[in-house]
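Enquirer: compute the structure for the input listed below.
(chains A, B, C and D, ligands or ions: 4)
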Amino acid sequence: MSAVAATAAESAVPAVRFRIRRARPGAFLAAALLVLLLAAALFPGLFTDTSPTATDPVNALQAPSGENWFGTDQLGRDTYTRVVFGARTSLLIGLGATAFAVVSGMVLGLAAALGGRVADNLLMRAADVLLALPELLLALLIVTVLGTGTTNVMIAVALAAAPGYARLVRAEALVVRGAGYVEAAAVLGLPRRTVVVRHVLPNTVGPLLVMGTIGFGTALINASGLSFLGLGAQPPSPEWGAMLSEGRNFLDTAWWIGVFPGAAVTVAVIAVNVAGHRARVRFHGGTPR
Amino acid sequence: MTSPMPGAPKKVRPASGRTGVAQVLLRVLLTRLASVAFVLFGAATLAFAGLKLLPGDPVATLLGPQTTASPAVREQIRDEYGFDDPVYAQYIGYLDDLVHLRFGESYQLQRPVADLIADQFAPTAQLAFSAALLSVVVAVVVAVLTAGRRGVGRSAANTVELFAVSTPSFWLGIVLLTVFSFRMRVLPVAGADGFESLVLPTVTLAVPITAVLTQVLRESMESALDEPFALTARARGLSRLGVQVRHVLRHAAIPLATLSGWLTGTLLGGTVLVETVFARPGVGALTLDAVTSRDMPVVMGVVLLAALCFAVISQLVDALYLVIDPRLRKG
Amino acid sequence: AADEGGGTAEEGPTGSPVRGGAAAVAVHQEPSCFDIHVSPQDITGSIQRNVFDSLVSEDAQGNFHPWLATSWEVSTDLKTFTFKLRTDVKFTDGTAFDAAAVKANFDHIVAKTTKSQYAAGLLGGAAYAGTEVVDPATVRIAFSKPFAPFLQAASTAYLGFYSPKTLAADADKLCTGGPHLVGTGPFKFTAYTKGQDLVLENNPAYDWAPQTAKHQGPAYLGKLTYRFLKEDAVRVGALTSGQVDAAVSVPPVNIKTVEGAGIRILRRDFAGASYGLYFNTTRAPFDDERVRKAIQRGIDIGTNVEAVYFGQYKRAWSPIGPATPSYAASLDNSWPYDPALAGKLLDEAGWSGRDGDGYRTKDGKRLTVTWPASPSSNREQRDVLSQAIQADLKKVGVEVQRPALDVGTYTTNAYKGIYDVLDVSWARFEPDVLRLYFHSSNLPSVSGQNAAWLTNPEIDKWTDDAAATLDKATRDKLYAQTQAWVVEHAVAVPVYSATALLGVAKHIQGVEYDPNAWPLFYDAWTTRS
Amino acid sequence: MTTAESTIENAAAGNSAERTTGSTDKVAADETTGPLVTVSGLDVVFPGRRTQVHAVRGISFAVSRGECLAIVGESGSGKSVTARALVGLVGARASVSAGELNFGGTDLTGLRESAWRGIRGRRIGLVLQDALVSLDPLRTVGAEVAEPLRVHRVVPRSGTKTRVLELLAQSGIPDPERRARQYPHQLSGGLRQRALIASALAGTPELVVADEPTTALDVTVQAQILTLLGRLRDEGTAVLLISHDLVAVARLADRIAVMRDGEIVEQGATERVLGHPEHAYTKALLAAVPSAHAKGTRLSPTTEGRQAVLRAFTGGAPKGGSAEAGVPLLDVRSVGKRFRSPDGSWHDAVRDVSFTIGPGEALGVVGESGSGKTTVARIALGLTEPDTGSVEFAGKPWSGATERERRARRPRMQTVQQDPLGSFDPRYTVRRIVGEAVAAAGGTATHRGGAGAEAAAPQPAERAFGMWGARKSRDNRVAELLDLVGLSPTLLPRRPRELSGGQRQRVAIARALASSPDLVICDEPVSALDVSVQAQILDLLADIRAELGVALLFISHDLGVIRHISDRVLVMKDGRVVESGESEAIFTEPGHSYTRELLAAVPRTL
Ligand SMILES: Nc1ncnc2c1ncn2[C@@H]1O[C@H](COP(=O)(O)OP(=O)(O)OP(=O)(O)O)[C@@H](O)[C@H]1O
Ligand SMILES: Nc1ncnc2c1ncn2[C@@H]1O[C@H](COP(=O)(O)OP(=O)(O)OP(=O)(O)O)[C@@H](O)[C@H]1O
Ligand SMILES: [Mg+2]
Ligand SMILES: [Mg+2]
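Expert: Ligands and ions are numbered 1, 2, ... in the order given. This next block holds a predicted model:
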């Protein structure tokens, strides 16, 4: 025991420990669903042994049954299999676009916040311009220039989202840059580079990652919007947005074609949103506001 | 925790040698205008760059695959639109046109872009405005009723919101159409005449926006409810609802105003989908047609319009901030 | 069932015609340009048919009848066409229709500033030599080469006539659409709301219907509204819920539902080039006829077309549809699905190896063919059909890649021949499309439609000769040879020939089809007041 | 809630000893006028997810009309919760129970919400703790004061305006017409506090509960507020005054109740409690007030072990060896700094400030909020470049030098900031926070050695630890530093949020000492802390200075603190130094009128 014991006042402040393991049922469900979706994306073979592109026109438009859990589509392909295999493309678009947007947003945002007035002005004015355009319109334009296809949709959605992240990172980095602990580190005589890497970056990235989980949902929805407009990922490899938009014409003849991929999109977005929300709560719980 | 003296906000001493109010106003106005102009210029440049980056022969694009247009006609088109001029010359000509408010003519529709957009703006504005109104009203009501409470109502609202933000709007639109127009036949399927035809598109456009607004509003209301002034108000004998309405709502309006940029974008972007689903005339439908048929003058016009809307609304919101929050007023 | 070649769209109207009333028609497309002299769009022609009349009218058998022209003479060299015009015809603005009006219109079509994308071609393109006003009721059109298809062209809406006043005053606003588009037709163009609808009103003075029509005098309907409902589900919903009285292009999948809702489906086969796959015969692997043939026989076209179109569209056997004049019915069932034969042919062609994914290889190279897609111009569920084709070809060991391209790249690549397969169709009531598709003067390199890059002197001769005669028997023979040759040498794989599927509510009677399978509302009436 | 209930009972039982003292006083109060408020056995529990907070444990007190009861206690002792319990606003989740909760004959226990509303603002006026944020910033002061009038229909609608102005004037706000139209942010802290009081008085309540009404204020303003409350009491209103500062309330309170950990440990007439404190905690509180003590005496109870630790740390020899002979350690020469205000005009934060600090010296800087103290500190630290003037540190230019040039000397000047929480990376544990400083010091030790051969003579041994960066020795050094500031090594894995205010400030001091600096600049290091904790930190700083020979630049707005710790004092106002000199001289014979004003306002014990 040290010479001066913790005094009454100090011990009166309860030690706030991280509350991690007490997951709520909703969060648990969301996490479980996410794991399931990721598994489907990585190892679709685990969930089904049919091929998502194998046609069987004779068995077209079968309603859900023990044989075909989610029914079959117009070409007799198993909707369940296609939903499972669609997870890869859809999640790839969602995750890929979000990751791309987050990383480029982070680099640009940090550059703006720490790179001096000129860089800041230049980057932020550019961001202003991009932010002035609706995300979907921007994505539309980019797809027009790049052409459709999975990768291009991903890039379009990412580029449309990136300026928002750059803004966020910049704002966050400006706060962190002036934070007491950054000054404290400077007073310790740490080189600027070290300060940025050790203190500015990690504390900026936290909220960004949380935003990213929410951005994932937006990306998925934007991508499906592009599919609906005929500018999405390309068949025959299944993708939820494309399936959903295909299914819209079967709403009263074969609802299962659109409803199941639609449900997949909704479930994925909800799962990620709930996880993101939990992350945000945790994050705010872990740092001073 | 007590909050002793040094945590207090700094008193800003009055400016020495106070400049005239008119002068300050003028300066503010000029900087604002400059920033609007810059955003417009940037958007115009972006659109132009997009046009130039388009792969393929612009004339082929313009004519589409199914045509018997003769080489002479192709030459004529090439000439008329100046596709053969050097890029910088085209760019300068384009900027010059813009400065003189000449927005060119649609390749596909062979109509002046300004006319086209002016024509199509009204129904879109109507839709966007009614959706914005609906979402703000619903969001405020739901947020006031659920902020700072826990229980069934709150969790139900939360769940509905989650679903609302997670469902693609075109899907929602088709489902709504099927139910209310095709099955129940209470609302018309499409078009832009009269109030009835506005209901479903408005709801479709508003649903995801409402969900986001409600969440933001509720969160900021809750943080305002945590503020000592809310407790003070209750200590004066105000009821819970009274505090929400008289004090907290105004505070919550600030983050709401911050979202206006996002709101503008989402509304305009959303109209592309909603107008397509509901076969409504409007800028959104025009945009989609223009983008898919690569009618670049129209695309540029729409880009400029979107940027203008955004810039004007952000300026309005900046002014609104001053109305809501006296702390931001200068002097 | 679809009635082949029949002039009537339905078994026969019930009750007697009623005057007045209004009808709303949902269409799946919105004209981007309403100028019939400029636009190549079917939808423009289809709608404007109500507003503009032509010199002659063609019946479902390909015979021509008087309309605005009472009679005509064709010079034996097929270079000059002289028309005698009706003298009682008035534009809806009161101007009289005469030879000068014909000349003004044809001159307008070929004027450089018009930038005609289609009508100028119908008018012979570079072969057009001018229109001469012989007297107010006689007009002579001259060509620098024999131009047999001119009569057919003259029967289309694209060679319809604007009031000379319109051409003088509003020539620059024709694309926009609106009441200033004045014609001689049974309806007047009264209003247009972009993105929403278009309103036509009855022309009470109309008294010059073609002989092919069911009645004379003004149209029965007082008002005809076209509503632009591009979303299939929306168009069908509007029809079944009674918000429109008719809808074109009812998706095959919805036919059952629609009929279940008590709505009649009027069917009519589209004429012209059926939808098909065209091989780039200048590039490997499709420079090898055996490979082409293998593809032709390796796709289960019948089953796929049946599944995708629910039996509504016909599987095609010839590059032109059965409704087209000079269709070679002998080709029917002549090349059925035969995967075994396909395999054999591929083996013979040297594609006998197999790789890990089950695709055929030759010298270690996988048999991969590129079939570019242009998603923004996708229609009739061709994307779905193509997935079925991809799946079938995978079974015989051929990998089909479908890179999605934007229109610009797509067209540019098409013109440069950067593809193995291209899918096209061209609806037109005229076997001359065979020349458009297979004549060596129409290579994509000169913006032509010869997607197979075929340069065969025989084909050139047959199609040229057929275009240079008006003798039906000769034409039938030449065109039948062409069709047979194309199928025999597997230059193309005809896939389906589409059927117009028009949904019409019970209270609408008398709707007719024109030879292009466009619905005609001149003879239609409504029993609902 | 069964568990909560039983805890309450247990606590109540354990409290019985104190309760006897409480009840004697109550009887005394009864004899005079009959109490307006009677509280007995008040218990408040906040259920938590894992642990519940038992904020108030069965306390009893009474207040009569025309009487002022002061509740005094350290932060978190349950004062505010008690105040809120009186108006039924403890929070929806709290469970409140009381043997008796009587207000003017009304039983407040189990009162319905609508009935509560009739009492709040009308019969009981509550002045909330955080005056600066307790007025709605988006509404005018007039509207805020008018709110209770409107809610309770105290005066007719037409008379509202006049009444508001009356109330403002009555609360000592000059020019009420103008102030009523202004927004809270346009008012100074004192005016805001008075406006808040005015709004609490609007309903002419019989009881005014004032929670820390003076805490956030300058001493001069504090005095005015207390006078205002005094007048109220004299007019017959019952006043419940809450404060953490025993001395501050002394001049107003008739009786004092001392709270600790949710219990009232001592209660009695003011003279008695201050003059003859019975409870050990009351004694400790009184002893912790710095201004009440001669310089050099200890403010907190301490163990002898502490000095031993310090001595062991330095190896017996006080520091000072590395200072450059003959020159002051820090030489600040007429520095000035201007900032741009939001309205675009320029504003001098610091003008022509000069001072020096010699090795081992303690310079205090005192002044009201906004006088430029922090700016001076930042200039000295090289975090802000002065616009005019220059700074030299260790005999070489400091301002104007590049960061690269400064880096070698950085370890010799360290800082302890006002907001300890903000000064730590929230993701770091205590081990990493201090460890980083140790590593940084180690990494630059070579530079120092090489930089000035003349200064290198007795290279402090501890610096060698970091040189090879061995993790083990770093950990040792961290433990040593924690020991030095009196923290247990069990805190090593904790993050800043998991520490109390006092612990955080100790960690900050440990970090500052890691590089064995010559000078530590402390910007209001104790302002955020309770008196008792403040006392410990001040003692620690004094010890460190004495034992390690570290020079201090000590900034505070609290005259008592400054007087206690510094040798020389700089008095700042509006960015200028208005007076400077030896500490004792300034406090006994202030030269400048502003200094006199400051001193006059300091509350004194009897
Ligand atoms: N709403 C609440 N929920 C949970 N715990 C609370 C709540 N309000 C107060 N507490 C706890 O109750 C205890 C007493 O708090 P209170 O605010 O009464 O202290 P205080 O004496 O006023 O301190 P200070 O001087 O800092 O104002 C503290 O431990 C605090 O954390
Ligand atoms: N970075 C800055 N930008 C603009 N103004 C500033 C800045 N820093 C300080 N000021 C202004 O300079 C003046 C002096 O501020 P400073 O923080 O030095 O005062 P202080 O004496 O430390 O006050 P406190 O006791 O409240 O901490 C204030 O009016 C403040 O608003
Ligand atoms: Mg308190
Ligand atoms: Mg300060």
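Enquirer: can you give me the helices in the stretch 151-300 of chain B?
Expert: B:152-166, B:169-176, B:196-225, B:228-235, B:240-243, B:249-258, B:260-277, B:283-292, B:296-324 (DSSP state H, counting those that start in this stretch).
Enquirer: want to throw those into a markdown table with mean neighbour count?
Expert: All C-beta atoms are positioned from the backbone trio N, CA, C, and that covers glycine. Compiled in a markdown table, those are given as follows (neighbours: other C-beta atoms under 10 Å in any protein chain shown):
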| stretch | mean neighbour count |
| --- | --- |
| helix B:152-166 | 17 |
| helix B:169-176 | 24 |
| helix B:196-225 | 22 |
| helix B:228-235 | 25 |
| helix B:240-243 | 16 |
| helix B:249-258 | 19 |
| helix B:260-277 | 24 |
| helix B:283-292 | 26 |
| helix B:296-324 | 20 |
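Enquirer: for C:L198, which three-state class applies?
Expert: Applying DSSP: H, G, I helix; E, B strand; the rest coil to C:L198 yields a three-state assignment of strand.
Enquirer: is it in a bridge, and if so with what?
Expert: Judged by DSSP bridges, the bridge partners of C:L198 are C:Y192, C:Y226.
Enquirer: about what we covered before: can you tell me which of the helices of the stretch 151-300 of chain B is nearest to A:G164?
Expert: Closest to A:G164 of the helices of the stretch 151-300 of chain B, according to C-beta to C-beta: helix B:260-277, at 8.4 Å.
Enquirer: mind checking pLDDT for the nearest residue to D:T237 once chain neighbours are set aside?
Expert: Closest residue in space to D:T237, ignoring its immediate chain neighbours: D:V208 at 5.6 Å, by C-beta to C-beta, 6 or more residues apart in numbering or on different chains. D:V208 is assigned a predicted lDDT (pLDDT) of 94.
Enquirer: wait, D:V208 touches D:I242, no?
Expert: No - D:V208 is beyond contact range of D:I242, at 11.1 Å (criterion: C-beta atoms under 8 Å).
Enquirer: now the helices of the stretch 151-300 of chain B in JSON lines, with mean pLDDT?
Expert: Below are the helices of the stretch 151-300 of chain B laid out as JSON lines (pLDDT from 0 to 100):
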{"stretch": "helix B:152-166", "mean pLDDT": "86"}
{"stretch": "helix B:169-176", "mean pLDDT": "88"}
{"stretch": "helix B:196-225", "mean pLDDT": "89"}
{"stretch": "helix B:228-235", "mean pLDDT": "91"}
{"stretch": "helix B:240-243", "mean pLDDT": "88"}
{"stretch": "helix B:249-258", "mean pLDDT": "82"}
{"stretch": "helix B:260-277", "mean pLDDT": "86"}
{"stretch": "helix B:283-292", "mean pLDDT": "86"}
{"stretch": "helix B:296-324", "mean pLDDT": "85"}
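Enquirer: where are the low-confidence patches of the chain?
Expert: Just so you know, I chose chain A. A:1-25, A:234-236, A:279-289 (pLDDT under 70).
Enquirer: right idea, wrong chain: chain D
Expert: For chain D, residues meeting the criterion pLDDT under 70 lie at D:1-33, D:49-50, D:216, D:290-326, D:341-344, D:443-470, D:601-606.
Enquirer: which single residue in it comes nearest to chain A?
Expert: D:R410 (3.1 Å; C-beta to the nearest C-beta).
Enquirer: closest one to A:D78 among the helices of the stretch 151-300 of chain B?
Expert: Across those, closest to A:D78 is helix B:169-176 (C-beta to C-beta), at 21.5 Å.
Enquirer: show residues contacting that closest one.
Expert: A:221, A:224-225, A:228, A:244-245, A:248, A:251, A:258, A:262, B:200-201, B:203-205, B:207-208, B:270, B:273-274, B:276-278, C:231, C:233-234 (C-beta atoms under 8 Å, 6 or more residues apart in numbering or on different chains).
Enquirer: before we move on, the earlier item: burial measure for the residue nearest to D:T237, as a count.
Expert: If you count neighbours by other C-beta atoms under 10 Å in any protein chain shown, D:V208 ends up with 23.
Enquirer: helix, strand or coil for it?
Expert: strand.
Enquirer: doesn't C:L277 belong to a strand?
Expert: Yes - under three-state DSSP, C:L277 sits within a strand.
Enquirer: surely it meets C:V421?
Expert: Yes - contact criterion C-beta under 8 Å: C:L277 and C:V421 qualify, at 5.1 Å.
Enquirer: quick one, phi psi at B:P112?
Expert: phi -60, psi 130 (degrees, to the nearest 10).
Enquirer: could you measure from the closest residue to it other than its chain neighbours over to C:D300?
Expert: Counting by C-beta to C-beta, 6+ apart, B:P112 lies nearest to B:E105, which is 5.4 Å off, once chain neighbours are set aside. To C:D300, B:E105 is 48 Å away according to C-beta to C-beta, to the nearest Å.
Enquirer: repeat that for D:T402.
Expert: Distance from D:T402 to C:D300, by C-beta to C-beta: 79 Å.
Enquirer: looking at those two now, which is surrounded by more residues?
Expert: Each of D:T402 and C:D300 has its neighbours counted (other C-beta under 10 Å); C:D300 has more, 22 against 7.
Enquirer: phi, psi of the more buried one?
Expert: As for C:D300, its main-chain torsions (degrees, to the nearest 10) stand at phi -80, psi 70.
Enquirer: and it, what does it touch?
Expert: A:P57, C:Y337, C:P339, C:D392.
Enquirer: buried sites along stretch C:253-263?
Expert: C:V253, C:N254, C:I255, C:T257, C:V258, C:A261, C:I263 (16 or more other C-beta atoms under 10 Å in any protein chain shown).
Enquirer: can I get the residues you listed in a markdown table with secondary structure, pLDDT and distance to ligand 3?
Expert: Below are the buried residues of stretch C:253-263 laid out as a markdown table (DSSP: H, G, I helix; E, B strand; the rest coil; pLDDT from 0 to 100; distance: C-beta to the ion, whole Å):
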| residue | secondary structure | pLDDT | distance to ligand 3 |
| --- | --- | --- | --- |
| C:V253 | helix | 87 | 70 |
| C:N254 | helix | 89 | 70 |
| C:I255 | helix | 91 | 76 |
| C:T257 | helix | 88 | 70 |
| C:V258 | helix | 92 | 73 |
| C:A261 | coil | 89 | 72 |
| C:I263 | coil | 94 | 75 |
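Enquirer: which one among those residues gets closest to C:G20?
Expert: Using C-beta to C-beta, C:I263 is the member of the buried residues of stretch C:253-263 that lies nearest C:G20, at 22.4 Å.
Enquirer: thought that closest one was touching C:G503?
Expert: Yes - taking C-beta under 8 Å as the definition, C:I263 is a contact partner of C:G503 at 4.9 Å.
Enquirer: who in the stretch 451-600 of chain D is up against chain B?
Expert: D:G501, D:E524, D:S527, D:A528, D:D530, D:H557 (C-beta under 8 Å from any C-beta of the partner chain).
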